[in-house]
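Asker: next one to model:
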Amino acid sequence: MKDVVLLEKSELTAGSTWHAAGLTTYYHPGINLKKVHYDSIKLYEILEAETGQAVGFHQPGSVRIASTAARVDEMKYQMTRTHWHVTQQYLIKPEKVQELFPLLNMDKVLAGLYTPGDGHIDPYSLTMALAAGARMYGAQIYNPAPVTGLSQTSEGKWDVQTPHGTIRANRIVNTAGFWARELGNMIGFEHPTIPVHHQYVVTATVPEVKALKKELAVIRDLEGSYYLRQERDGLLFGPYEKMEKMVLQDSWVRDGVPPGFGKELFESDLDRIMEHVEMAMEMVPVLKTADIINIVSGPITYTPDLLPMVGPHQGAHNYWTAIGFGYGVIHAGGIGKFLSDWIRNGEPPYDLIECDPNRYGKWTNVPFMCAKARESYGFNNVVGYPKEERFAGRPTCRTSGVYELLKDKASMGFHAGWEQPHWFYKPGDETGYKPSFRRTNWFGPVGRECRLVMEKVGVIDLTPFGKFIVKGRDSHKLLDRLFANTMPKVGHTNISHMLTPAGRVYAEVTITQLSPGEFLLITGSGSELHDLRWIETEAADGGYDVDISNVTEDMGVLGIAGPNSRKVLQKLTDEDMSDAGFKFLHCKSITLAGIPVRAIRISYTGELGWELYIDQKNMATVYQAMMEAGKDEGIDNFGTYAMSSLRLEKGFRGWGAEMNCDTNPLEAGLDYFIKLNKPADFIGKAALQEIKSKGLKRKLSYISVDTDDIDPEGNETVWHNSKVVGNTTSGAYSYSSQQSLAFAYLPLELCSVGQKVEVELMGRKYPAMVIQEPIVLTEPTRTRLQKKAKSKA
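Answerer: Reported below is the predicted structural model:
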């Protein structure tokens, strides 16, 4: 890719780069971002040889220090998720920690997480080397060249105005750092990025450091919430203050970045970080006598969840971003490779959904953004638990029509701006969010909810679903191009998948044809704008005559499931809700308690059930009517945790877990939904045909795991004969079969039913076995088998 122009507002490294601490690490708690870090470091290792430009790259390794039992558990949890990656990482004893950093006070050190190859790099030299390399391969760099305006042509190209003239580009990538909001504002975007004040302290020469024969490893004292590395013969120490003490530069959000600000700093404030300084002095006693020669206080850009925003944006064709790099240079090289591969090949090289810019929408307002950025900075080094919930900025302006009725009865989860019940309280339950690496206060109540749905009837709020209406002359043609399944008939529903050109799973969507040429598309809460962008892009690029509407916030959704669900609904409608009158995967417009409802007979629980699509303002009326009508049927609420357990029992795959941009639908066991023989040339068809002809190397397997007080949840390492052979994708406890279940990708030779493997959980390998799926048959399957048995009788 050579036809590239970089416009630098002032001079290279201006903004957050020039004063950065330059830390590099292979470590990241997220599975996908490990790949970003890996690509960055591998690039930096060869950059000097390739460009002739020194980069000042030091790789003494790093150690994350555990000084509490919870920290040791956290490290075991992370190790479980690392063994199936290329990155090397080791849980080490205190003696090894001291060997890597001999200046430590070891009194509180219980263990360390050691990552060889970690270190730090000079940000200025790195930038200059990258610029030199870019020029070598044909890129043009202009500075100073501030962008003064952006406008899009009718063909979807961009005119980029600068003081030196206008450049026409096929696509533009906003990489403007803490100016990103201002650049986005030019085309109507309010990017949720905000500068925060980050300080680090540099000492003069420390005799004990100077006397060392090799460079100190970088340390991260997690309880002290700081990093510390060697800086020549001294030390560099950078803390993350608590959320009540840290400083947001929120005036820049309101008023913009001051003109001329680029290589300036904020006034330092040692008092603000003194708590961390004292903890560092206790951990590294030589700091007590070290002279401070500099305190750097500069802006770094945060997003609400501390992850960058990378990729194309919904709502502006050919507009991309790579912004919000709260962790700085360690993301730079890897994200650059990720974006360039995507642009060249037309699809992301691997799944990085957590960094998709479309995870934020219009609900992401300034108060939310500021509250979350403050929380993310202050929580930077807190223990990272599974199923973690953070509460700043909640609830947003996005709440369902039954939120007020449910909020005090449930432990709520955050889904794309929505509040959704995870599980519900009963008298005697320990309420609230209680983090743990093992089963905690939700375990019993979730079992109760699973039994409710299996034996009686439950109601769940599914409003966070993404919902689109696609209609128009070319609607069928567009969807046939986008999806690998055939389109449903009017009044029918099916499950369909959008694939990438390489045949990988980009999205899973439920499609209903409401009337000729009018389709309702339903996707997961976290996929709303991610999927909408893909659909809109294909519609625009292909010149399809369609109208696409996002009705997510207008339409509420209630799910009702369980053997008594039909009885409850029948009490509220004149429509025939019998099996013959309302068949599986059919859709009807009905009236419930006098309210118009679009009902689809489908349930992710696998039990008899319906999804009810209702105008938001009428949700509470329908909900209360169902709860009243269902009293004699044992009706109650259930949440997403129970639904996850039930779907796993039925062998249902989940998008983002069993399928994503790293998997193809054949290895994921989605063959039923992939119609390679349909006439339409859907995206990914040719690639999938080639994959099928060559044969698969791995397959999604269904396994039971013999655990104690812990269950798999996904991304754990799978072992066989002391070798890493795969990874889990999701897991949960099955209350019906009283065992832990998981999906896992395994090589074909290990996929047979009865095959024994091991699943690593919290540093321990548990016996596991491939079993026949599903462990519990779905209600439609049970009904079909019962009818078949009766006919034979």
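Asker: surely T166 forms part of a strand?
Answerer: Yes. T166 sits within a strand when classified using DSSP: H, G, I helix; E, B strand; the rest coil.
Asker: residues contacting the nearest residue to R451 once chain neighbours are set aside?
Answerer: Leaving out its chain neighbours, the residue that sits closest to R451 by Cβ to Cβ, 6 or more residues apart in numbering is Y735, at 6.6 Å. For glycine as for every other residue, the C-beta is placed from the backbone atoms N, C-alpha and C. By Cβ atoms under 8 Å, 6 or more residues apart in numbering, the residues touching Y735 are 446-447, 450-451, 645.
Asker: same question, P258
Answerer: Per Cβ under 8 Å, 6+ apart, neighbours of P258: W252.
Asker: name the residues that touch the worst-scoring helix or strand of the chain on mean pLDDT?
Answerer: One helix or strand of the chain scores below all others by mean pLDDT, DSSP states H and E: helix 779-792, with a mean of 87. Residues outside helix 779-792 that contact it (Cβ under 8 Å, 6+ apart) are 563, 579, 584, 603, 606-609, 777.
Asker: let's see that with 10 Å instead.
Answerer: Contacts to helix 779-792, defined as Cβ atoms under 10 Å, 6 or more residues apart in numbering, come from residues 454, 561-563, 565, 579, 583-585, 601-603, 605-609, 650, 774, 776-778.
Asker: what of stretch 263-279?
Answerer: Counting by Cβ under 10 Å, 6+ apart, 10-11, 13-15, 17-19, 195, 197-201, 221, 223-226, 237-242, 245-247, 249, 258, 280, 287-288, 292, 294-299 sit against stretch 263-279.
Asker: now do the domain split for this protein, please.
Answerer: Domain assignment for the chain by automatic domain parsing gives 5-310, 466-550, 697-793.
Asker: would you format those domains as JSON lines with distance to G594 included?
Answerer: Below are the domains of the chain laid out as JSON lines (distance: least, Cβ to Cβ, whole Å):
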{"stretch": "domain 5-310", "distance to G594": "40"}
{"stretch": "domain 466-550", "distance to G594": "22"}
{"stretch": "domain 697-793", "distance to G594": "28"}
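Asker: tell me which of these lies nearest to D662.
Answerer: Closest approach to D662 among the domains of the chain (Cβ to Cβ): domain 466-550, 6.8 Å.
Asker: and the closest one, how far out from the chain middle?
Answerer: The chain centre lies 22 Å from the centre of domain 466-550; the measure is Cα atoms, centre = their mean, to the nearest Å.
Asker: ditto for stretch 73-88
Answerer: The answer for stretch 73-88 is 18 Å, by Cα atoms, centre = their mean.
Asker: got the buried residues for it?
Answerer: Residues 73-85, 87 are the ones in stretch 73-88 that count as buried (16 or more other Cβ atoms under 10 Å).
Asker: ok, so of those residues, who is nearest Y702?
Answerer: Closest approach between the buried residues of stretch 73-88 and Y702, by Cβ to Cβ: W84, at 18.5 Å.
Asker: quick one, what contacts that closest one?
Answerer: Contacts of W84 (Cβ under 10 Å, 6+ apart): 31, 715-719, 724-728, 745, 760.
Asker: at 8 Å instead, please
Answerer: 717-718, 724, 726-727.
Asker: repeat for R398
Answerer: 363, 416-418, 553.
Asker: and if we set it to 6 Å?
Answerer: By Cβ atoms under 6 Å, 6 or more residues apart in numbering, the residues touching R398 are 363, 417-418.
Asker: repeat for G324
Answerer: Contacts of G324 (Cβ under 6 Å, 6+ apart): 193, 301, 303, 308-309.
Asker: hmm, try it at 10 Å
Answerer: Counting by Cβ under 10 Å, 6+ apart, G324 has contacts 177-178, 180, 191-194, 300-310, 331, 355, 357, 373.
Asker: which among the residues you listed count as buried?
Answerer: Buried among these (16+ other Cβ under 10 Å): 177-178, 180, 191-194, 300-310, 331, 355, 357, 373.
Asker: now, those that are in strands?
Answerer: Of the buried ones among the contacts of G324, the ones assigned to strands by DSSP state E are 194, 300-302, 309-310.
Asker: mind putting those into a markdown table with distance to Q98 and pLDDT?
Answerer: Listed next are these as a markdown table, based on distance: Cβ to Cβ, whole Å; pLDDT from 0 to 100:
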| residue | distance to Q98 | pLDDT |
| --- | --- | --- |
| I194 | 39 | 95 |
| I300 | 32 | 96 |
| T301 | 36 | 96 |
| Y302 | 34 | 96 |
| M309 | 40 | 98 |
| V310 | 39 | 98 |
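Asker: save those as TSV, and put in distance to I343 too.
Answerer: Shown next, in TSV, are these (distance: Cβ to Cβ, whole Å):
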residue	distance to I343
I194	27
I300	26
T301	23
Y302	26
M309	16
V310	12
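Asker: who touches I469 in this structure?
Answerer: Taking Cβ under 10 Å, 6+ apart, we find I469 in contact with 475, 514, 518-521, 547-551, 555.
Asker: tell me the SS of it?
Answerer: Under three-state DSSP, I469 falls in the strand class.
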